[in-house]
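>>> how would this look folded up:
(chains A, B, C and D)
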Number of protein chains: 2
Amino acid sequence: MDQTICPRFEKAISIMNKRWTTLIIFQLLEGSQRFCEIESSIGVSGRVLSERLKDLEKEGIVKRSVYDETPVRIEYTLTKKGESLKPALDQIQKWAETWVEPSE
Amino acid sequence: MDQTICPRFEKAISIMNKRWTTLIIFQLLEGSQRFCEIESSIGVSGRVLSERLKDLEKEGIVKRSVYDETPVRIEYTLTKKGESLKPALDQIQKWAETWVEPSE
DNA sequence: TATACTTACTTACATAAAGTAAGTTAATTA
DNA sequence: TAATTAACTTACTTTATGTAAGTAAGTATA
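Alright, predicted model coming up:
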């Protein structure tokens, strides 16, 4: 409430802090994926995945592409904005490798 | 559910993904702080702050120090494990400066 | 000396977010 | 024709968070 923190940083955190968001982005850094691929790879429920993908699209982090084949194929891809989160996620991974026990 | 993601990374994300956690760590990167200082600087409720600080202590990211003055003073400080999250947060901030509009 | 205030919480209750499971539409395969 | 898949949505339950009040120990103020 004191607003001592940079508002852009707070905004960034409010995006990344939502459950599943970071994991979704992490998955998409490997390349475009379909709805059910993301769903099964990170274990998020369809209900929330659908919600998050819409949020991320609205934020310009993810792009939804419809390929009009039969059957129709829908793919989710990171935009440039989304891809540029890679260095941040890389740092988190680096931290995890040093400090997180593999046991838990 | 498929467990295609590195478990250490998932653990790291599960810590950072909890609401307020990253902001608490960000605050503590500035130096030790008291309960009510964190509370008012980021706008988290006491109820959740109390919960988060306990979690972070259990994870070895935050240390709680009691200074036996009168009145007693309690301070929360990052451990080495906690401090080494700085590069990750720095990257998020860098991303925010480039990609997040100041308006919202 | 009584009253109000501060810190660091906890407790009880209300609301918001996430999980679960079933349903939908359109097309595909057995 | 029946079952299956993809990409969702809907209804309902459980969990997480917010709000507000309460507590204990001490301090300052009238």
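
>>> for the rest of this, base every contact and every neighbour count on C-alpha atoms.
Fine.

>>> what does the pLDDT read for the residue nearest to the spatial centre of chain A?
For chain A, the residue nearest the mean C-alpha position is A:Ile25 (2.4 Å; CA atoms, centre = their mean). A:Ile25 carries a pLDDT value of 98.

>>> how many neighbouring residues does the closest residue to A:Leu78 other than its chain neighbours have?
Leaving aside its chain neighbours, A:Leu78 sits nearest to A:Val62 (4.5 Å; criterion: CA to CA, 6 or more residues apart in numbering or on different chains). Residues lying near A:Val62 (other CA atoms under 10 Å in any protein chain shown) number 25.

>>> wait, isn't A:Val62 in contact with A:Thr77?
Yes. Using CA atoms under 8 Å as the test, A:Val62 is close enough to A:Thr77 to be in contact (5.6 Å).

>>> what sits against the closest residue in space to A:Gln27 that isn't next to it in sequence?
Nearest non-adjacent residue to A:Gln27, counting by CA to CA, 6+ apart: A:Ile38, 7.0 Å away. A:Ile38 is in contact with A:24, A:27, A:44, counting by CA atoms under 8 Å, 6 or more residues apart in numbering or on different chains.

>>> sort out for me which of those residues are in helices.
Judged by DSSP state H, these include A:24, A:27 as members of helices.
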